[in-house]
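Q: Please find the sequence and the predicted model below.
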Number of protein chains: 2
Amino acid sequence: MKVSMKDVAQRAGVSTATVSHAINKTRFVRAETKKKVLKVMKDLNYYPNFAARSLRTRKSNIIGLLVPDISNFFFISIAKGVESTLKKYGYNLIFSNSNENLENEIEQIKIYNTQLVDGLIVAPVSADHTFLNELFSGYYPVVFIDRKPKGYKGDCVLGNNTKGAYDAVSMLIKKGHTKIGIITGLPGLTTTEERLNGYKKALTDHGLKINKNLIKVGDFRV
Amino acid sequence: MKVSMKDVAQRAGVSTATVSHAINKTRFVRAETKKKVLKVMKDLNYYPNFAARSLRTRKSNIIGLLVPDISNFFFISIAKGVESTLKKYGYNLIFSNSNENLENEIEQIKIYNTQLVDGLIVAPVSADHTFLNELFSGYYPVVFIDRKPKGYKGDCVLGNNTKGAYDAVSMLIKKGHTKIGIITGLPGLTTTEERLNGYKKALTDHGLKINKNLIKVGDFRV
DNA sequence: ATGAAAGCGCTAACAC
DNA sequence: GTGTTAGCGCTTTCAT
């Protein structure tokens, strides 16, 4: 049988409250008592039950990360950064993949809605996200990254794609170039649209014409 | 306030047992009753509480994956495969990184020991793992991949590195080559050692001498 | 075909 | 400085 806090308490001759407080440093426990408790914990190879603690405290110390492509280097580097920062604060990462598919994204969000996570980071698929207004219970914080969820107003962390493209094109123009092309990302992504807008605006602002033949669609998803 | 099963039951005029069974299809519920329950669930935007369910059933439907390098393509492709297979069976993936550091590995295993996961997949760091014999409570299944944990006898899924290297070298020899080098992975890894053994054995078996100058250490971690 | 209620293992308010 | 105990939200046994 799995050893519970009660077992530890009994063997140490204290109450579960004392064990709990010894573990969590949430009220004073006499040094001697604490030492005894810790020893028993070790002897019995005791680990507090995650589910019970989580149920009681309403915290899971888990953050969800939902990305559209788990093998894309861009999203992996995000996952890496998120994971290492979370661990620093005692959190864990649940990593999930919508695979650029709206159904998958919705299914995964429903799982997160079970209070599995204390917070969620999403790089949304390219689609209308008005439905999020009712899907999100509002009981845990959500932040979107990289792409903007269309039709939903929530916190986002985004690159300034328009300005990036604008500046890049302006730079080329200033260097004397006039025939400037762009390979865009996948159509429909906000990043794609924003960069294309920046490209076009830079050309127009500098008196250059937009040549459709110089605009090619690539397979970038970030 | 977060809506609980009790709220759903009250609003639907049934007991929590019925709600539970309607959700889980775990005993017959009259079609009409079920329909009413489902509607109330939707109306109230109800999602079952993960922690409560997990506490009661002693299942989390979460599998842990612990790898030594989260940005290594090899481990990422493993993560991708694991994640998609898990999702197919209704499981989630907790993704963690030991960063080739034994302390991190141990810390993370302790977290998993809180019954957070129903199972664990580990690509261990290169170090003695005898300590696992007492660290693992034995209450959840663990499988090691890619590298063999030294000093611990447990389930592993490994490549046949010795034979792979042996065959590769033998092939070169059969083609008439005699000056055959190897760039190994990091020293200490079981994969490195096994491949080196295969390399050496192939040379010896075919009557060739081992030339230390032809053995170079690379930075491969898989 | 459904309900009542115990209990999973913790935390924290209250008591002393 | 420590103990008692209610209760978190489910699942499931025992009733009916």
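A: Here it is on my side, so go on.
Q: alpha carbons only for contacts and neighbour counts from here, please
A: Noted.
Q: thinking A:Phe75 is in contact with A:Val67, fair?
A: Yes. If you go by C-alpha atoms under 8 Å, A:Phe75 and A:Val67 touch, sitting 6.8 Å apart.
Q: Kindly report the residues of chain A close to chain B.
A: Residues of chain A lying near chain B by C-alpha under 8 Å from any C-alpha of the partner chain: A:2, A:45, A:47-52, A:54-55, A:70-71, A:76-77, A:80, A:83, A:92-97, A:110, A:113-116, A:135, A:137, A:139.
Q: what residues does chain A put near DNA strand C?
A: Where chain A comes near DNA strand C, counting by C-alpha under 7 Å from any atom of the strand, the residues are A:2-6, A:16-17, A:20-21, A:23-24, A:26, A:47-50, A:52-53, A:55-57.
Q: Give the buried subset of those as a PyMOL selection command.
A: Filtering the residues of chain A next to DNA strand C down to the buried ones (16 or more other C-alpha atoms under 10 Å in any protein chain shown) takes a single PyMOL command:
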select buried, chain A and resi 5+16+20+23+47+48+49+50+52+53+55
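Q: Sitting in helices, which of the residues of chain A next to DNA strand C do you find?
A: A:5-6, A:16-17, A:20-21, A:23-24, A:50, A:52-53, A:55-57 (DSSP state H).
Q: which one of the residues you listed is nearest B:Asn211?
A: A:Phe50 (54.6 Å; C-alpha to C-alpha).
Q: okay, A:Phe75 and A:Val67: which has more neighbours?
A: Counted by other C-alpha atoms under 10 Å in any protein chain shown, A:Phe75 and A:Val67 do not tie: A:Val67 has more neighbours, with 26 against 20.
Q: beta partners of the more buried one?
A: Note on A:Val67: beta-bridge partners by DSSP bridges are A:Asn97.
Q: which ones among the residues of chain A next to chain B come in contact with DNA strand D?
A: A:52, A:55.
Q: Which entries within the residues of chain A next to chain B meet the buried criterion?
A: By 16+ other C-alpha under 10 Å, the residues of chain A next to chain B give A:45, A:47-52, A:54-55, A:70-71, A:76, A:80, A:83, A:92-97, A:110, A:113-116, A:137 as buried.
Q: which SS class is the residue most central in space within chain A?
A: Closest to where the C-alpha atoms of chain A average out (C-alpha atoms, centre = their mean) is A:Ile121, at 2.4 Å. Classification of A:Ile121 using DSSP: H, G, I helix; E, B strand; the rest coil returns strand.
Q: Quick check: the nearest residue to A:Glu105 once chain neighbours are set aside vs B:Val14, distance?
A: Using C-alpha to C-alpha, 6 or more residues apart in numbering or on different chains and skipping the chain neighbours, the partner closest in space to A:Glu105 is A:Ser98 (4.8 Å). Separation of A:Ser98 from B:Val14 (C-alpha to C-alpha, to the nearest Å) stands at 36 Å.
Q: With A:Leu38 instead?
A: Distance from A:Leu38 to B:Val14, by C-alpha to C-alpha: 46 Å.
Q: I'd say A:Leu120 and A:Ile145 touch.
A: No. Look at A:Leu120 against A:Ile145 with C-alpha under 8 Å: they stay out of range, at 10.5 Å.
Q: quick one, what contacts A:Asp69?
A: A:75, A:97-100 (C-alpha atoms under 8 Å, 6 or more residues apart in numbering or on different chains).
Q: same thing but 10 Å
A: A:75-76, A:96-101, A:123, A:125, A:221-222, B:80 (C-alpha atoms under 10 Å, 6 or more residues apart in numbering or on different chains).
Q: Going by distance to DNA strand C, which of those residues wins?
A: Lowest distance from DNA strand C to those (C-alpha to the nearest atom of the strand) belongs to A:Ser96, with 27.4 Å.
Q: neighbour count winner among A:Ser98 and B:Val14?
A: Shown here are A:Ser98 and B:Val14; by other C-alpha under 10 Å, A:Ser98 has more neighbours (22 against 15).
Q: surely that one meets A:Ser71?
A: No. The pair A:Ser98 / A:Ser71 is not scored as a contact, 11.6 Å apart, by C-alpha atoms under 10 Å.
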